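**Student:** Provided below for reference: sequence and predicted model.
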Amino acid sequence: MDDSERPRKLQKTAHDMTSPATEGLISTTTSISTPDGNTAENHGATESNGHLNITLKSIPETDENGQPLSKNQRKKLLKRERWAAGKELRKEKRKEKIVAKKERQRAAKAQTAAQDGIDPDDVTLLSRSERKKVEQQRSVLLPIAFVIDCDFDDLMVEKERISLGSQITRSYSDNAKAQFRAHMFISSFNKRLKERFDTVLSKQYTRWKGATFMEEDYVVAAEQARERMRKPTGGKMMGVFAGKDAVSPDDGEVIYLSSDSPNTLTELKPFSTYIIGGLVDKNRHKGVCYKSAMGKGIKTAKLPIGDYMQMQSRYVLATNHVIEIMIRWLELGDWGTAFCLVLPKRKGGVLKENPGERYGQEDDQGAEADEGDAPASEVKVQEAVSCS
């Protein structure tokens with residue numbers, strides 16, 4: 001290319017000669033025309049998003065122990081503080097999105113109704129919130145109570161505590177949506193578990209209907225449950241309890257469910273309270289629930305898993321699985337079906353063909369297979385069938 005054809009380099013002007021040190025200090029103010037003809041200044045995102053006003057300068061250079069913080073550590077703290085400061089803004093945006101989504105859904109339903117010649121009001125009744133109300137109205141409260149004992153906070157690490165919180169939430173949800181539901185209590189609700197529910201989970205549990213959270217232990221919870229079930233609103237004798245109107249509230253029992261108990265539960269009884277240990281510990285602390293119940297003079301029993309199921313792992317279940325199994329029994333009156341519907345597939349459970357024959361007998365063979373003392377092929381068990 002000839003020199004005369006080459007484009008000339010543009011000369012640098014004064015406003016281009018910005019040093020790196022002053023580059024971040026350039027004002028972002030711009031003029032915006034308003035409807036009345038005046039101009040308004042836009043000072044950048046820091047005016048509309050207050051959390052961005054938090055700068056690195058506002059982050060201390062030392063930690064609470066006086067140790068110096070590196071720049072990366074201070075940046076992480078800055079990011080965390082900005083995230084916390086923007087919580088309300090994000091909450092408002094989520095609400096706006098939800099409202100907009102509902103409006104779109106309502107409009108779509110109205111359009112569909114108009115095309116099909118259906119009354120739009122009838123279509124609106126089929127919204128998720130309305131369906132939930134209908135389900136709650138159909139759900140029948142029985143005179144029976146479940147108590148989740150959370151008195152093991154100090155035995156769990158944070159990850160396990162988070163898992164327990166999820167199990168409690170799932171248990172409440174399963175019970176609230178069940179065809180036949182029970183009174184629910186969460187006892188010894190204090191320490192770090194309560195702190196998590198109050199902060200990270202934004203106290204959502206305070207809006208749970210039919211669930212009572214209390215700092216007292218399960219003995220006090222069982223007493224409150226007994227008094228509540230005595231009331232006219234304490235539950236109806238329906239489902240598996242139908243025809244048991246002669247049963248008195250004084251006939252009710254208080255039973256702590258534990259896989260370590262020598263007793264096996266055969267049925268759930270009216271006006272009785274069943275306590276489930278709220279402990280996630282990967283089997284580090286064996287027998288703590290059983291010892292706690294024995295120390296307070298409370299009866300114990302285990303679910304009849306060994307009488308109905310051939311398992312490939314231990315019989316210890318998550319809290320929400322125990323709750324769901326009992327809810328299923330209240331609905332079906334059949335332990336075998338309840339186990340099949342609830343037990344995780346990873347447990348490898350299969351239903352025994354003649355489970356009733358093993359009632360009242362020690363499941364020694366099942367225990368051997370459970371603990372892995374002998375290969376499954378060498379353990380003589382009843383013929384089993386798949387739950388599927």
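**Tutor:** Cool, the structure landed. These numbers come from a predicted model, not from an experiment.
**Student:** out of the helices and strands in this protein, which is least certain?
**Tutor:** helix 364-371 (a mean of 36; mean pLDDT, DSSP states H and E).
**Student:** quick one: low-confidence parts of this protein?
**Tutor:** 1-52, 116-137, 312-315, 346-349, 353-388 (pLDDT under 70).
**Student:** domain ranges for it, per the record?
**Tutor:** 57-138, 141-304+317-338 (automatic domain parsing).
**Student:** so of the ones you listed, which one's packed in deepest?
**Tutor:** Stretch with highest mean neighbour count among the domains of the chain: domain 141-304+317-338 (a mean of 18; mean count of other CB atoms under 10 Å). In this view, the C-beta of every residue, glycine as well, is placed from N, C-alpha and C.
**Student:** measure that one end to end?
**Tutor:** By CA to CA, to the nearest Å, the extent of domain 141-304+317-338 from end to end equals 19 Å.
**Student:** counting contacts, what elements does the lengthiest helix in the chain pack onto?
**Tutor:** As assigned by DSSP state H, the longest helix anywhere in the chain is helix 87-116. If contacts are counted by 3 or more CB pairs under 8 Å, 6 or more residues apart in numbering; DSSP states H and E, helix 87-116 sits against helix 120-124.
**Student:** in the stretch 101-250 of the chain, which spans are strands?
**Tutor:** 140-149, 180-187, 211-213 (DSSP state E, counting those that start in this stretch).
**Student:** adding distance to residue 115, write these out as CSV.
**Tutor:** Formatted as CSV, the strands of the stretch 101-250 of the chain follow (distance: least, CB to CB, whole Å):
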stretch, distance to residue 115
strand 140-149, 38
strand 180-187, 39
strand 211-213, 43
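**Student:** just checking, residue 61 touches residue 67?
**Tutor:** No - with contact defined as CB atoms under 8 Å, residue 61 does not count as touching residue 67 (10.1 Å).
**Student:** right, and residue 193 touches residue 163 too?
**Tutor:** No - Residue 193 lies out of contact with residue 163 (CB under 8 Å); the separation is 11.0 Å.
**Student:** can you pull the contacts of residue 323?
**Tutor:** Residue 323 makes contact with 146, 148, 171, 174-175, 276, according to CB atoms under 8 Å, 6 or more residues apart in numbering.
**Student:** switch the cut-off to 10 Å
**Tutor:** Contacts here follow CB atoms under 10 Å, 6 or more residues apart in numbering; on that basis residue 323 touches 146, 148, 167-168, 170-172, 174-175, 178, 182, 184, 274, 276, 317, 342.
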